[in-house]
Each structure stands twice: as structure tokens, then as C-alpha cells.
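Enquirer: missing the sequence, but the structure's below:
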């Protein structure tokens, strides 16, 4: 048996090998740089996401606080009406005071985006109304709402009751 054949390395081969190693090293450096950039971008995005969530929470809390402050004024008026009701015999004046508080409460809720849903006398709309009972009535046409069990409301374009 003879010796395995050895290939003689020429200077061209070694230059080619050196060039390929340099190209490989350059590509590995690029790859590492891209990976580092990606890690920084991921960290930046995660920080942004956390910051945005915190800001959203703060805005929600501030808007809730504004609503609560407005409702506290209504509570003050209701408490005054209750105190007046305990000492006065003027039922009409007391009723007018409670009606004023009722209007004030509706005004606060309307500023927040709540609107009442008018149903009585209007055609039934399954997107807005819920049927409790269908009653035959001689004085109105079929499909008209004749009575509300409870008033409906829309909050910022969405039926909530």
C-alpha cells in the first residue's frame, strides 16, 4: 500500500483560503452587528410598550378622576335635597330641587358621551331594543315600541342598556 496522496498547497490556494477566511470573518462580524442591533431594537420596543401602557393607565385614571369630581357635585346637591326634604313641608319645592339634580346628573353623563335612547313610539330596532313582550294594540301599528321597562342608553356610539 502506498502513502495517501497529498495535495500540494500553492500560494494561490493559500491566498484564496486567506481571502475566504477574511470574508467569513467579515460576514460573522456583520451578523454579530445585526444581532446586536436587533437586541437593542427589541429592548427599545419593550421599553416603548411599557411606557405607552403606563401613559394609557395614567390617562384613564385622570379621566376617571374628572368624572368622579363632576359626580361629587351631584352628590352634594342630592345631600342638600335630602336635608331639605327632612325639614320642609313643601313637596313641590323639594321635587323641583330633585329634578334639577337629575338634570345636572344627565348633563355630566352627556359630557362623558352618554345619550338616552328614545324608544317609545319608534319602530322596534333589534340593534337598539330588546323585546320583553309583544302586545297587540289597536291604536298603533305592528312593530312600534309602546312602553319601556327601563330607559336605554348609548355610550360613545355603543348601546350599553
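Expert: The structure has been received and is ready for your questions. It should be emphasised that the depicted structure is a prediction, and the values quoted were computed from it without experimental measurement. Numbering: from 1, shown residues only.
Enquirer: now do the contacts for residue 26.
Expert: By Cβ atoms under 8 Å, 6 or more residues apart in numbering, no residues touch residue 26. (Glycine included, C-beta is placed from N, CA and C.)
Enquirer: need the pLDDT of it.
Expert: At residue 26, the predicted lDDT confidence score is 95.
Enquirer: can you confirm it is in a helix?
Expert: Yes - assessed with DSSP: H, G, I helix; E, B strand; the rest coil, residue 26 lies in a helix.
Enquirer: which residues sit against stretch 131-143?
Expert: Under the criterion Cβ under 8 Å, 6+ apart, residues 123, 124, 144, 146, 149 lie in contact with stretch 131-143.
Enquirer: so the last one: helix, strand or coil?
Expert: It refers to residue 149. Following three-state DSSP, residue 149 is assigned to coil.
Enquirer: what's the burial count for the closest residue to it other than its chain neighbours?
Expert: Leaving aside its sequence neighbours, residue 149 sits nearest to residue 132 (Cβ to Cβ, 6 or more residues apart in numbering; 5.4 Å). Residue 132 has 10 neighbours, counted by other Cβ atoms under 10 Å.
Enquirer: and the closest residue to residue 119 other than its chain neighbours, how close does it get to residue 13?
Expert: Nearest residue to residue 119, sequence neighbours excluded (Cβ to Cβ, 6+ apart): residue 145, at 4.5 Å. To residue 13, residue 145 is 93 Å away according to Cβ to Cβ, to the nearest Å.
Enquirer: looking at those two, which one has more neighbours?
Expert: Each of residue 145 and residue 13 has its neighbours counted (other Cβ under 10 Å); residue 145 has more, 18 against 11.
Enquirer: list the contacts for that one?
Expert: Contacts for residue 145 were tallied using Cβ under 8 Å, 6+ apart; they are 119, 120, 121, 122, 123, 124, 129.
Enquirer: which pair in the residues you listed spans the largest distance?
Expert: 121 and 129 (12.3 Å; Cβ to Cβ).
Enquirer: hmm, back to that, is the residue nearest to residue 149 in a helix, a strand, or coil?
Expert: Counting by three-state DSSP, the backbone at residue 132 sits in coil.
Enquirer: for it, give me the pLDDT.
Expert: Looking at residue 132, its pLDDT stands at 79.
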